[in-house]
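Undergrad: Generate a structure from the sequence data that follows.
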Amino acid sequence: MLARLHSSIPSFIAWLALIAACVEGVTAADGDSKPAKQRVLILGDSITAGYGVDAAEGYPSLLQQKIDQAQLPYVVVNAGVSGDTTSGGLRRVDWILRQPVDVFVLALGGNDGLRGIAPSITRSNLTAILERVHARYPKARLLLAGMQMPPNMGKDYTEAFQALFPQVAKQQQAALIPFLLEGIGGKPEFNQPDLIHPTPVGHQKIAENVWQVLKPILTER
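TA: Model prediction:
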């Protein structure tokens, strides 16, 4: 999450994914008999970008597999950028929203916490991102992925940081993924040597955490 080494690679992949999704989304308008798929856009950092794993092993790709297996008409757009903070996400969200969004998953904040950024700033940025999505696409469903910090950040900080995600979700009427890294965070068997970025097995667990919240929303729509 913190690592910026080779960050240009996942960033480039993220932009390619966005372009590919835009092309796929307009096929029906170009005469394809199949209906255009709706978009699930995930705005995140290096965990979403799939730092250290193949693109097919990252949780956004695994979510796409689950969607396809369930025969749901959605395409997952991976807008993860390594090293991104909530401030960075706020700066680029308007560009991302140039394409239609039907379900928006916000998975930022981890880098804020590891850098000791004030929870009030993180809360403000997350709120602003969700408000911009709602303003541009009022019918889009919103999901917010919660994050937690290790105890070495201090009790007051870790408690304030953990609490801000359900607060923002409630305020913005977004579905809450309680903890993106539930069952994974800090466990060597699910993480790369830095104990921050998940292995392929870790990404499988992340996909399950997200799918528990995402699947009911997709089937309702």
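
Undergrad: Low-confidence stretches in this structure?
TA: Across the chain, residues meeting the criterion (pLDDT under 70) sit at 1-35.

Undergrad: Convert the helix ranked longest in it to CSV, retaining C-alpha atoms only.
TA: Counting residues, the longest helix found in the chain (DSSP state H) is helix 200-220. Below are the C-alpha coordinates for helix 200-220, written out as CSV (Å, rounded to 0.1, in the frame of the first residue of the first chain):
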residue,chain,number,x,y,z
PRO,A,200,-2.9,-14.3,-4.5
VAL,A,201,-4.4,-16.3,-1.6
GLY,A,202,-4.9,-13.0,0.3
HIS,A,203,-6.6,-11.5,-2.7
GLN,A,204,-9.0,-14.4,-2.8
LYS,A,205,-10.0,-13.6,0.8
ILE,A,206,-10.4,-9.9,0.0
ALA,A,207,-12.7,-10.8,-2.9
GLU,A,208,-14.8,-12.8,-0.5
ASN,A,209,-15.0,-9.9,1.9
VAL,A,210,-16.2,-7.6,-0.9
TRP,A,211,-18.5,-10.1,-2.5
GLN,A,212,-20.5,-10.5,0.7
VAL,A,213,-21.6,-6.9,0.4
LEU,A,214,-21.5,-6.5,-3.3
LYS,A,215,-23.4,-9.5,-4.4
PRO,A,216,-26.8,-8.5,-2.8
ILE,A,217,-26.5,-5.1,-4.4
LEU,A,218,-25.9,-6.5,-7.9
THR,A,219,-28.7,-9.0,-7.6
GLU,A,220,-31.1,-6.3,-6.4
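
Undergrad: Quick one: list the elements packing against it.
TA: For helix 200-220, the packing partners by 3 or more CB pairs under 8 Å, 6 or more residues apart in numbering; DSSP states H and E come out as helix 59-69, strand 103-107, strand 141-145, strand 175-177. Placement of C-beta: from N, CA and C, glycine included.

Undergrad: for the second one, packing partners?
TA: When contacts are defined as 3+ CB pairs under 8 Å, 6+ apart, strand 103-107 packs onto strand 38-44, helix 119-136, strand 141-145, helix 200-220.

Undergrad: same thing but 6 Å
TA: strand 38-44, strand 141-145 (3 or more CB pairs under 6 Å, 6 or more residues apart in numbering; DSSP states H and E).

Undergrad: Burial check on the nearest residue to Phe104 once chain neighbours are set aside, number of neighbours?
TA: Residue nearest to Phe104 in three dimensions, not counting chain neighbours: Val133, with 4.8 Å by CB to CB, 6 or more residues apart in numbering. Other residues within reach of Val133, judged by other CB atoms under 10 Å, total 23.
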